[in-house]
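*Asks:* Here is a sequence together with a model predicted from it:
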Amino acid sequence: MPYVGLGVYKMTDREEALQAIAKALEIGYRAIDTAALYNNEVEVGEAIRHSGIKRDEIFVTTKVWNNDQGYDETLRAFETSLKKLGLDYIDLYLTHWPVEDKFVETYRAIERLYEEKLIRVPGVSNHHAHHLEKIFAKANVLPMVDQIELHPYLSQEELRAFCKEHDIAVTAWSPLGRGKVLKDETISKIASSVGKTAAQVILRWHYQNDVITIPKSVTLNRIEENMQIFDFELTSEQMTQIDRVNKNERVGQNPDTFHFDF
């Protein structure tokens, strides 16, 4: 699974989405993260087919939405996503949020899809440790990925440690804190000292923490900028300085208290 992918949340304009995905694939992105909720699985599949890149070189993630959770419901939702994407398989399929009394059965369905080789990697999103432990109690194959809100203002150190202990890869959604963290004084100073943008410094911080990122952008130069994080390295002191800006501050919902229409 590539360390940097393109997130396509809120890319609802068809042409804008196609252009952004095409640009990302052209300059070297090999991971695209979508979801049933985003209503752009059709565009993701179309852009992949038109790219000329072999299917097995592109890592595609999508997710089952809350009102489609449950065992049978998830299997049906997967078929819908697969058809919209126009693919033979999906690389990573995730539970979008841990819907109470449903998320364990939802994961059981994802596990079945993995066993049937319709997906390459089974995973979840927005799951705390206690959600994962409930899944562990019934799963034969443990989740391999947990996609969570993660950025310097919400560093999630305990959850990251838990995932590492159980060999679960962590993916950060909103890795730049929806832009809020870009203005942080500490990060700005580090960016100036290394000759990079604040966004590049944050994405590099994630990378050196062994965290996968899926920054979302439809701005073509930012899509390119977000990939240019492999030609420099943050010192241990700079990493620690960024660790210290943590505020346990979310820009999205808390998985324990989230409210979405089902």
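*Replies:* That came in fine, so what should we check first?
*Asks:* List the residues that contact Gly28.
*Replies:* Counting by CB atoms under 8 Å, 6 or more residues apart in numbering, Gly28 touches Met227. Placement of C-beta: from N, CA and C, glycine included.
*Asks:* just the strands in the chain please.
*Replies:* Taking DSSP state E as the criterion, the chain contains strands spanning 6-7, 31-33, 59-64, 90-95, 119-125, 145-149, 169-173, 212-213.
*Asks:* how about those strands in JSON lines, adding mean neighbour count, mean pLDDT and distance to Phe136?
*Replies:* Below are these laid out as JSON lines (neighbours: other CB atoms under 10 Å; pLDDT from 0 to 100; distance: least, CB to CB, whole Å):
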{"stretch": "strand 6-7", "mean neighbour count": "26", "mean pLDDT": "98", "distance to Phe136": "27"}
{"stretch": "strand 31-33", "mean neighbour count": "26", "mean pLDDT": "98", "distance to Phe136": "24"}
{"stretch": "strand 59-64", "mean neighbour count": "26", "mean pLDDT": "98", "distance to Phe136": "20"}
{"stretch": "strand 90-95", "mean neighbour count": "25", "mean pLDDT": "98", "distance to Phe136": "14"}
{"stretch": "strand 119-125", "mean neighbour count": "23", "mean pLDDT": "98", "distance to Phe136": "11"}
{"stretch": "strand 145-149", "mean neighbour count": "24", "mean pLDDT": "98", "distance to Phe136": "12"}
{"stretch": "strand 169-173", "mean neighbour count": "22", "mean pLDDT": "98", "distance to Phe136": "16"}
{"stretch": "strand 212-213", "mean neighbour count": "26", "mean pLDDT": "98", "distance to Phe136": "21"}
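*Asks:* Tabulate the ones you listed (a markdown table), appending distance to Ala191.
*Replies:* What follows is the strands of the chain, written out as a markdown table (distance: least, CB to CB, whole Å):
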| stretch | distance to Ala191 |
| --- | --- |
| strand 6-7 | 22 |
| strand 31-33 | 25 |
| strand 59-64 | 28 |
| strand 90-95 | 31 |
| strand 119-125 | 29 |
| strand 145-149 | 22 |
| strand 169-173 | 18 |
| strand 212-213 | 16 |
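*Asks:* so which of the ones you listed gets nearest Thr235?
*Replies:* Minimum separation from Thr235 across the strands of the chain (CB to CB) falls at strand 212-213, 20.1 Å.
*Asks:* From the contact counts, what lies against that closest one?
*Replies:* strand 169-173, helix 198-208 (3 or more CB pairs under 8 Å, 6 or more residues apart in numbering; DSSP states H and E).
*Asks:* now the last one, how far from the centre of its chain.
*Replies:* Pointing back at helix 198-208 there. Taking the mean of its C-alpha atoms, helix 198-208 sits 15 Å from the chain's own mean (CA atoms, centre = their mean, to the nearest Å).
*Asks:* Other residues contacting it?
*Replies:* 3-4, 150-152, 172, 175-176, 181-184, 187-188, 190-191, 194, 196, 212-213, 215, 222, 225-226, 228-230, 232-234, 239, 242.
*Asks:* Next, the angle strand 169-173 makes with that helix.
*Replies:* Calculated by axes from the mean of the first three to the mean of the last three CA atoms, to 10 degrees, helix 198-208 forms an angle of 160 degrees with strand 169-173.
*Asks:* In CSV, list the C-alpha atoms belonging to helix 198-208.
*Replies:* Output of helix 198-208 as CSV, limited to C-alpha atoms (Å, rounded to 0.1, in the frame of the first residue of the first chain):
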residue,chain,number,x,y,z
ALA,A,198,4.1,23.3,5.9
ALA,A,199,2.0,20.7,4.1
GLN,A,200,5.1,18.8,3.0
VAL,A,201,6.6,19.0,6.5
ILE,A,202,3.4,17.5,8.0
LEU,A,203,3.2,14.8,5.4
ARG,A,204,6.8,13.9,6.1
TRP,A,205,6.1,13.8,9.8
HIS,A,206,3.4,11.2,9.1
TYR,A,207,5.7,9.2,6.8
GLN,A,208,8.5,9.1,9.4
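*Asks:* What residues does Met227 make contact with?
*Replies:* 4, 27-29.
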